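Engineer: Just need the structure, nothing else, for what follows:
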Amino acid sequence: MQDLEKYKIRKHINIRSAITTIDKGAAQIALVVDEKNRMLGTVTDGDVRRGLLKGETLESPVSTVMNYDFRWVKEGCR
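Structural biologist: Numbers count the residues shown, from 1 in each chain. Modelled structure (predicted):
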C-alpha cells in the first residue's frame, strides 16, 4: 500500500498549496482530511481547473474546488 500521508491536505489550505501536493504525488490527487484524519473529499488538477474557470483564485481555500462526492474502498477489497 502506498504511503497516503503525502497526499493528505486540510480543507482550509489554499489551492496553490493543493496543486503542489497534487504535483508531488504519483497519483495526481490530494486527499482532503479533517483534524481527526477522516476523509472529507478529493482534489485533482481537473477540479482546480474548473474552479479557476468559475472565478476561484490560487489563494482561495481548497474547499471551494474539492470533490465532496467521492468513492472509496476498504483496504484488501478486490
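Engineer: Need the phi and psi values for Gly41.
Structural biologist: For Gly41, the backbone dihedrals (degrees, to the nearest 10) come out as phi 170, psi -170.
Engineer: ok, it - contacts?
Structural biologist: Counting by C-beta atoms under 8 Å, 6 or more residues apart in numbering, Gly41 touches Lys11, Val32, Met66, Asn67, Tyr68, Phe70. C-betas here are computed from N, CA, C, even on glycine.
Engineer: Now do the contacts for the fifth one.
Structural biologist: Under the criterion of C-beta under 8 Å, 6+ apart, the contact partners of Tyr68 comprise Leu40, Gly41.
Engineer: try the first one
Structural biologist: Listed by C-beta under 8 Å, 6+ apart, the contact set of Lys11 reads Val32, Asp34, Leu40, Gly41, Pro61, Val62, Ser63, Met66.
Engineer: any idea which of these is closest to Ile19?
Structural biologist: Ranked by distance to Ile19 (C-beta to C-beta), the contacts of Lys11 are led by Val62 at 9.2 Å.
Engineer: So what's the residue count around the closest one?
Structural biologist: 26 (other C-beta atoms under 10 Å).
Engineer: Please apply the same query to the one 4 residues further on.
Structural biologist: By the criterion of other C-beta under 10 Å, Met66 has 23 neighbours.
Engineer: before we move on, the earlier item: now, the contacts of Gly41 that are in strands?
Structural biologist: If you go by DSSP state E, those have Val32 in strands.
Engineer: And stretch 34-46, how far out from the chain middle?
Structural biologist: In terms of C-alpha atoms, centre = their mean, to the nearest Å, the centre of stretch 34-46 is found 5 Å from the chain centre.
Engineer: what's the average pLDDT for that stretch?
Structural biologist: Per-residue pLDDT over stretch 34-46 has a mean of 95.
Engineer: measure it end to end?
Structural biologist: Stretch 34-46 has its terminal residues 22 Å apart, counting by C-alpha to C-alpha, to the nearest Å.
Engineer: residues of that stretch that come out buried?
Structural biologist: Using 16 or more other C-beta atoms under 10 Å as the test for burial, stretch 34-46 gives Leu40, Gly41, Thr42, Val43, Thr44.
Engineer: for stretch 10-26, same thing?
Structural biologist: Buried, per 16+ other C-beta under 10 Å, within stretch 10-26: Lys11, Ile13, Asn14, Ile15, Ser17, Ala18, Ile19, Thr21, Ile22, Gly25.
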